[in-house]
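In: need a 3D model of the sequence below.
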Amino acid sequence: MPTPLDHEFVRVVAGAADRLAAPLAAGPEKDPVGVSHRALARRVKTLVAAYRSTESALHGSRQVVAATMAHLGALRAAQTTTGLFAGGDNVQSPPDSAFTVNDVCDAHVLAAGAGPELRGVAAALAEIAGAASEGLRAGGVHTPNHRWELCAALARLHRSFPDSRLLDRVDAWLAEGVDIDAEGLYAERSANYAAHVSNPSLLLLADVLGRTDLWDAVERNLTATLDLIRPDGTVETVHSRRQDQNQRFPLATYLPHYRLLAIRTGRCDFSRAALWAAAGGGVDDPNLLAETILTPDLCRALPTPAPEPLPRDRYITTARLASRASATAHSVLYGGSDVPEHRRIRSGLACNPTFLRLFAGDAVLDAVRLSRGFFDLGPFRAAGMQQLADNQYRLTETLTAAYYQPLPPDRRRDDGAYRMADEGRFSAAMAFPDRPRDEISQTTRVEADLREDGAHLRIDISGPRVPWALELTFRPGGVPEGAVPIGDGRWCLTTGPMTYRVGDDEIRVEVDVEAGEPLAGPDRSDVLRYDPGQDHTVVGGTDATTGNRVYIGGHGPHTLSVTLRARHPAPVF
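Out: Alright, predicted model coming up:
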C-alpha cells in the first residue's frame, strides 16, 4: 500500500516559498540590481515552483511569470562570452557557475511541465543553460566538493538537453572516486559542504545515472552525521577543513536528505533527524518547494521516528573525534588538527584549536583551548590521539624550535647571499637546512575521560618554564560564579570550584594542581590570555573565541586536573 502524502509538510514549505516569491512578484517589472547570479537562479527556481504548486498562493500567477522573466534577463546579462557567470571572488569559475546552472536546469524541468504560459520562461532557461554547457564541460575545479557540483550540473544539462559528451565528462570526474572515508566523512569533513554540495549532488547523480553506489555514499555520510548532531540542533564542525570549522552549522540544512532517505529506506533514525531538522527551521527554506515537485517522494509521510539512543558514544578515528552523550551531558573531544603535520594555518586545513566542548542543556561550554608561550607557535593542537579505554583518550603534541649554529665551511659564501628558507616559524636568507641546530622542545599531553556527567582532564605541560593559559569559553546567557572577573567578558579561576549556570542547567569546574607552581592570579594579564600564534598575529588576525571566557593559567612545567561536571535536570511533565 502506498505511503500517504504529508499534506501539512507540503503546505508549510509552500508557505516558505511564498514568503520569498510574493515580494518579488509584487515588485516593479525591471531587472534586479545588485543580485548575484546564484541568487538570481535560486529566485527563478522558487518563483517557477510557486507558479506550479497548487499549495502556493501564487499558483498560476501572471505576476510570477513577469518577475521570472525579469530575473532571467538579469541572469543572462551576467553570463560572459564563455557562458560562465561573472561575479564573486572566483573569476570565470566553472564550479561557481555550476551552482547557478543546477538551479537553472531544475527550473527548466519545472517550467517545461507547466504549460504554455511558461513557454517563454522555459526557452530563456534553455538559452542560459545552452550557453553555459561547453564552459562547464571543459572547465576545472579547485576543491574536492566542486567535482560533484560540476558533475551534477552536467548531468542535469544532459537530462534536459541530451549530449553524450556531458556524460563522458561526468564519468571522467567520477572515475577519481568519491572522497568519502571508512567512517562516512568526506575529505573536507565539512557539514556545510556535505549538506549544500556533496550530498545533494551525489543524490542527483545517483538518480540520473542509476548509480546506487553514489546513493550508498550519501547514506553513509548521513549515518556518520547522526553522531555529530549536538543537543543545540547543530552539526559538529570543529574537525572541518573548511570555513565552517569556526562556526555553528544548523542541522536544518540536512532536512531534505534525511527526509528523502528516511522515506525511501524506512530508516527510523533518519526520520528522527529529519523531524529535528524541520523543527530547527529546515521547512523555512524557500528552495524546498521546488524539491518536492522535482522529487515527489519528499511529500510522502515519514516513517515513525526512533527515539534518540542514550547513553551512547562514538570515536571517529579518521577525524580523531570522540563524543559521549547521556541524559545529563554531551561531550566532544577533538585531536584531529592538520596543523601539526603541515605546520601552517591554511584554507583547506583543519586548524581549530578547540579540543573539548560540553553541553548541559542551556549551559554550554563552547570551547576549551590551551595557549602556551612557546616561541609564539600557537595554541595546543594535538598531533596524535590515542584511545586508552572506553571513553578515555590521550591527546599529545610536541613543539620544537631551534637556534642555529654557524654554517659548515663547505656551505659558506663569500658574498653572504644565502637562499631564503622557511624553518617552520619564520623565513630568512640563512639557508637553515644547512646549519646545525640546537633544539628546544615542549610536550603537552591531555588525558581525557568522557563521563556521563561531564569530563575529567589531566593536563601535563613539560619542557622549559613558559606561560600557559587554559581558556574555557562558555556560550553567552549565564554568569561564572566562583571565578574572579578580570574585565572584557573574562574571568580568572585559581582555587575554585566555579559554576556556570543558565536557568536550572549548570557546568561546574574543579581544578587541582598536581605538580608545578601555584596558578596565576587575576593580576597576571600577561598570562591569562589567549594567544593565537604568529601565523595569525603576523597579519593582524586572530581565531579567538567570543563569549564568557574563564582562564586558568601559570608558568609550566605543570600537571593539573580539571573536572567538568554537568547538571541538567530531567524535565518534569
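In: what's the strand or helix carrying Asn199 in contact with?
Out: Counting by DSSP states H and E, the element that carries Asn199 is helix 199-209. The contact list for helix 199-209 (C-beta atoms under 8 Å, 6 or more residues apart in numbering) reads 102, 145, 148-149, 151-152, 155-156, 158-159, 167, 170, 174, 178, 211-215, 217-218, 221-222, 254, 256-257, 260. For every residue, glycine as well, the C-beta is placed using N, CA and C.
In: buried ones among the residues you listed?
Out: Neighbour-count burial (16 or more other C-beta atoms under 10 Å) is assigned, among the contacts of helix 199-209, to 102, 145, 148-149, 151-152, 155-156, 158-159, 167, 170, 174, 178, 211, 214-215, 217-218, 221-222, 254, 256-257, 260.
In: give the contact list for the closest residue to Asp106 other than its chain neighbours.
Out: Using C-beta to C-beta, 6 or more residues apart in numbering and skipping the chain neighbours, the partner closest in space to Asp106 is Lys45 (5.5 Å). For Lys45, the contact set (C-beta under 8 Å, 6+ apart) comprises Asp103, Val104, Asp106, Ala107, Leu110, Asn287, Ala290.
In: now swap in Pro231 and tell me
Out: Ala325, His330, Phe359, Gly361 are the contacts of Pro231 under C-beta under 8 Å, 6+ apart.
In: how is the protein partitioned into domains?
Out: For the chain, automatic domain parsing gives the domain ranges 7-299, 312-402+437-567.
In: distance from the chain centre to the longest one, please.
Out: This points to domain 7-299. How far domain 7-299 lies from its chain's middle: 18 Å, per C-alpha atoms, centre = their mean, to the nearest Å.
In: what of the shortest one?
Out: Using C-alpha atoms, centre = their mean, the distance from the centre of domain 312-402+437-567 to the centre of the chain it belongs to is 21 Å.
In: can you give me phi and psi for the residue sitting furthest away from the middle of the chain?
Out: Using C-alpha atoms, centre = their mean, the residue of the chain lying farthest from its centre is Asp414. It sits 52.9 Å away. Per-residue torsions, Asp414: phi -70, psi -30 (degrees, to the nearest 10).
In: does Cys351 touch Ile345 like I think?
Out: Yes. At 5.2 Å, Cys351 counts as touching Ile345 under the criterion of C-beta atoms under 8 Å.
In: quick one, which of these two is more surrounded?
Out: In terms of neighbours (other C-beta atoms under 10 Å), Cys351 is the more surrounded of Cys351 and Ile345; the figures are 22 against 18.
In: rewinding a little: now, which of the contacts of helix 199-209 lie within strands?
Out: Among those, DSSP state E puts none in strands.
In: give me the low-pLDDT residue ranges for the chain?
Out: The model of the chain has pLDDT under 70 over residues 1-2, 28-31, 88-90, 570-573.
In: identify, by residue count, the longest strand of it.
Out: Max-length strand for the chain by DSSP E is strand 437-451.
In: what is that strand packed up against?
Out: If you count contacts as 3 or more C-beta pairs under 8 Å, 6 or more residues apart in numbering; DSSP states H and E, strand 437-451 packs onto strand 321-325, strand 330-334, strand 363-372, strand 392-404, strand 454-461.
In: repeat that for 7 Å
Out: In terms of contacts (3 or more C-beta pairs under 7 Å, 6 or more residues apart in numbering; DSSP states H and E), strand 437-451 is packed against strand 330-334, strand 363-372, strand 392-404, strand 454-461.
In: and that strand, which strands flank it?
Out: The pairing partners recorded for strand 437-451 under DSSP bridges are strand 392-404 (antiparallel), strand 454-461 (antiparallel).
In: just how off-centre is the next helix-or-strand element following the first one within its chain?
Out: Towards the C-terminus, the helix or strand next in line after strand 392-404, according to DSSP H and E, is strand 421-422. Relative to its parent chain, strand 421-422 has a centroid offset of 33 Å by C-alpha atoms, centre = their mean.
In: got a list of contacts for strand 421-422?
Out: By C-beta atoms under 7 Å, 6 or more residues apart in numbering, the residues outside strand 421-422 that reach it are Ser427, Met430, Ala431, Phe432, Pro433.
In: for Arg565, state which of those residues is nearest.
Out: Closest approach between these and Arg565, by C-beta to C-beta: Ser427, at 46.5 Å.
In: does that closest one touch Tyr418 like I think?
Out: No. Between Ser427 and Tyr418 there is no contact under C-beta atoms under 7 Å: 11.9 Å.
In: which residue packs closest to Ala262, ignoring adjacent ones?
Out: In this structure, Ala262 finds its nearest non-sequential neighbour in Phe270, 3.7 Å apart by C-beta to C-beta, 6+ apart.
In: and that neighbour, what does it touch?
Out: Counting by C-beta under 7 Å, 6+ apart, Phe270 touches Leu222, Tyr258, Leu261, Ala262.
In: same check on Asp434?
Out: By C-beta under 7 Å, 6+ apart, the contact set of Asp434 is Leu407, Arg411.
In: can you check the one 5 residues further on too?
Out: Each residue near Glu439 by C-beta under 7 Å, 6+ apart is listed here: Thr400, Ala402.
In: okay, and the beta partners of it?
Out: Ala402.
In: also Arg372?
Out: Arg372 has these beta-bridge partners by DSSP bridges: Trp468.
In: now do the contacts for Asp313.
Out: Asp313 neighbours (C-beta under 7 Å, 6+ apart): Ser323, Arg324, Asn391.
In: so which bits of the host helix or strand of it are buried?
Out: Using DSSP H and E, Asp313 falls within strand 312-316. Residues of strand 312-316 classed as buried by neighbour count (16+ other C-beta under 10 Å): Tyr315, Ile316.
In: what's the angle between that strand and strand 321-325?
Out: With axes from the mean of the first three to the mean of the last three C-alpha atoms, to 10 degrees as the basis, strand 312-316 and strand 321-325 are set at 180 degrees to each other.
In: one step back: of the contacts of helix 199-209, which belong to helices?
Out: Among those, the members falling in helices (DSSP state H) are 102, 145, 148-149, 151-152, 155-156, 158-159, 167, 170, 174, 212-215, 217-218, 221-222, 256-257, 260.
In: burial count for Cys59?
Out: Just so we're on the same page, residue 59 is His rather than Cys. His59: 14 neighbours (other C-beta under 10 Å).
In: sorry, that was for Gly554
Out: Neighbours of Gly554 (other C-beta under 10 Å): 24.
In: secondary structure element for it?
Out: Going by DSSP H and E, Gly554 is part of strand 548-555.
In: what's the first helix or strand after that strand?
Out: strand 558-567.
In: who does that next one pair up with?
Out: Checking strand 558-567 against DSSP bridges gives partners strand 454-461 (antiparallel), strand 505-515 (antiparallel).
In: now what about the longest one, what contacts it?
Out: Okay, so that is strand 505-515. 358, 360-363, 365, 472, 493, 496-500, 519, 552, 558-568.
In: buried subset of these as a ChimeraX selection?
Out: Applying 16+ other C-beta under 10 Å to the contacts of strand 505-515, the buried members can be selected in ChimeraX as follows:
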select :358,360,361,362,363,365,472,493,496,498,499,500,519,552,558,559,560,562,563,564,565,566,567,568
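In: pretty sure Asp297 is in contact with Arg259, am I right?
Out: No. Using C-beta under 7 Å, Asp297 is not in contact with Arg259; the gap is 8.9 Å.
In: span of stretch 420-436 from start to end?
Out: 17 Å (C-alpha to C-alpha, to the nearest Å).
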